[in-house]
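Asks: Output the structure for:
(chains A and B)
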Amino acid sequence: MTEQVFSAGKTENVCSNADSIDISLPCKAEYVSVVRLAASRIASRVGFDVEQMEDITVAVSEVCNHLVMMKHAEGDAEHLYSSGEVGSGDASVNYYKVRFLVEKGRLTVMFSGPDEHGLFKGMDEFALALIHALMDSVSTSDDGSMLYMTKSL
Amino acid sequence: MAGDLQFKEQFAEGTAIVQLIGEVDIMTSQSLKEKLYSLVDTYKSDLKLECERLDYIDSTGLGVLVSALKKAKQYGKNIYLVNLKDNIRKLFVITGLDKVFIIEGKNND
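Replies: Now for the predicted structure:
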């Protein structure tokens, strides 16, 4: 499923020379920090300063939080915090995908959720405020199933 | 330490003081909520959060702080945020919460 999520048609605004880094994660709270660390290191590779790296890290983390909580708001709360279940490979846990597209002086981060809902649907107002303030641009695909964020040097 | 949050608390001069050490995120915000609610209910005093060693907070943490403030207000008390790091204070400014909480300390007075 996730292999088809970031189809070529969805990335037409991104330079074809971009390096692409994909991370697929279980919809579990304990893995959000993994994306946060990855975002920080990738932002560093692009050349962002410490404050910009922090901006990107916070924005990425907010979307991941939302994707995890959105999944568990659908009646699957027992998996939101799954201490002791790490590595269980529980087939009932859905996945979301984060793609980092690295270009010269620019980073685009794309998200696809485990479901076909609009990714802004029900997002916390603080999270929305942070994402829009910290990134240069934030948008969703026409069908609302993907979210894109960009920040440039 | 990523994803870890520790508390050091004391009660002095009529105020409950808790030092936040680490990160408040989706994994740790629930423990912060339990800690703050417990302090508010126990002491029914102003609550001072010492944040010099708080490295990160996300919207789930901000939400917990707001709900704890509402609880403190029920007792006519306040929450003070002391020595916020610049990266965290920035989030309070963006969300407008710098006008809701009493922020004290370096660059905040």
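Asks: which ones are touching residue 25?
Replies: Just so you know, I chose chain A. A:Tyr31, A:Val32, A:Val34, A:Val35, A:Cys64, A:Tyr95, A:Tyr96, A:Lys97, A:Val98 (CB atoms under 8 Å, 6 or more residues apart in numbering or on different chains). No exception for glycine: its C-beta is placed from N, CA and C like everyone else's.
Asks: look at chain B instead
Replies: A:Val32, A:Ser33, A:Arg36, A:Ser61, A:Asn65, B:Gly3, B:Tyr56, B:Ile57, B:Asp58, B:Thr60, B:Gly61.
Asks: With adjacent residues omitted, what lies nearest to A:Lys71?
Replies: Once flanking residues are discounted, A:Lys71 sits nearest to A:Cys27: 4.1 Å by CB to CB, 6 or more residues apart in numbering or on different chains.
Asks: number of nearby residues for that neighbour?
Replies: Counted with other CB atoms under 10 Å in any protein chain shown, residues neighbouring A:Cys27 total 24.
Asks: Please verify my assumption that it contacts A:Cys64.
Replies: No - using CB atoms under 8 Å as the test, A:Cys27 is too far from A:Cys64 to be in contact (9.4 Å).
Asks: Mind listing the shared neighbours of the two?
Replies: By CB under 8 Å, 6+ apart, the residues touching both A:Cys27 and A:Cys64 are A:Tyr96.
Asks: and chain A, which of its residues are near chain B?
Replies: A:29-30, A:32-33, A:36-37, A:51, A:54, A:58, A:61-62, A:65, A:68-69, A:81, A:124, A:126-127, A:129-130, A:133-134 (CB under 8 Å from any CB of the partner chain).
Asks: Just the buried ones from those, in PyMOL syntax?
Replies: Typed into PyMOL, the line below selects the buried ones among the residues of chain A next to chain B, using 16 or more other CB atoms under 10 Å in any protein chain shown:
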select buried, chain A and resi 29+30+32+33+36+54+58+61+62+65+68+69+81+124+126+127+129+130+133+134
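Asks: what's the spacing between the residue nearest to A:Lys71 and chain B?
Replies: To chain B, A:Cys27 is 11 Å away according to CB to the nearest CB, to the nearest Å.
Asks: May I have the phi/psi pair for B:Lys44?
Replies: phi 50, psi 40 (degrees, to the nearest 10).
Asks: Which parts of chain B are helices?
Replies: Using DSSP state H, the helices of chain B run over residues B:29-43, B:59-74, B:86-95.
Asks: Close to chain A: what parts of chain B are there?
Replies: Residues of chain B lying near chain A (CB under 8 Å from any CB): B:2-3, B:23, B:25-27, B:30, B:56, B:58-60, B:62-63, B:87, B:91, B:94-97.
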